[in-house]
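Trainee: After the sequence you'll find the predicted model.
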Amino acid sequence: MHPPQMTLEKFYTAFARLDAAAMAECYAQDAQFEDEVFSLHGRAEVAGMWAMLCETTRSKGADVWKLQHGDVQADARAGRAHWVADYRFSATGRMVRNSIDSRFTFDAAGLIATQRDRFNFWAWARQALGPPGLLLGWTPWLRNKVRRQAAASLRRYLQR
């Protein structure tokens, strides 16, 4: 098994048990992360996001948390994985099942250099936000509002 594949297995195994410290060890110092909500640069921001999400899940939804991952493939330069997270969205208390496809690149040490997670934002918004997500989840306005709120939450978390 290539070191990057081992990195991904370590990452998802740690994520399933909400171990943000072990997840952070999987990223290069200058890592970049992007998904439908976050656009982050550097291990501190990326690890901070995972720590915030893990801490929130442990405190407000560990009873329903479940992560399944599969189709993990990686060579020395790039990789991919598919994962499904079942959780309670802390802002509304609503249950979410999010299906995500991840693409990665790796540095020479086999650490994650870039990660791009893709999921259906409208499907997520319908579950997480209820009627507002159903009606507005397809709009750039709602996506940008969620991005701003998430960025503000992460800034506050990192300043603690």
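Mentor: Looks like it came in fine.

Trainee: The closest residue to residue 1 other than its chain neighbours and residue 73, how far apart?
Mentor: Here the nearest residue to residue 1 in space, its sequence neighbours aside, is residue 9; by CB to CB, 6 or more residues apart in numbering that works out to 7.9 Å. Glycine gets a C-beta too; all of them are placed from N, C-alpha and C. The span separating residue 9 from residue 73 equals 11 Å under the rule CB to CB, to the nearest Å.

Trainee: where along this protein do the strands fall?
Mentor: Counting by DSSP state E, one finds strands in the chain at the ranges 27-34, 39-41, 66-74, 78-88, 95-106, 112-118.

Trainee: tilt between the first one and strand 112-118?
Mentor: Direction vectors for strand 27-34 and strand 112-118, defined by axes from the mean of the first three to the mean of the last three CA atoms, to 10 degrees, enclose an angle of 20 degrees.

Trainee: Describe which strands strand 27-34 pairs with in its sheet and in which direction.
Mentor: Taking DSSP bridges as the criterion, strand 27-34 sits next to strand 39-41 (antiparallel), strand 112-118 (parallel) in its sheet.

Trainee: quick check: mean pLDDT across that strand?
Mentor: Averaging pLDDT along strand 27-34 gives 98.

Trainee: Okay, angle between it and strand 95-106 too, please.
Mentor: Using the same axes, to 10 degrees: strand 27-34 against strand 95-106 is 120 degrees.

Trainee: in strand 27-34, what's buried?
Mentor: 27-28, 31-34 (16 or more other CB atoms under 10 Å).

Trainee: now for the residues you listed, which pair is the farthest apart?
Mentor: By the measure CB to CB, 28 and 34 form the most distant pair in those, at 15.0 Å.
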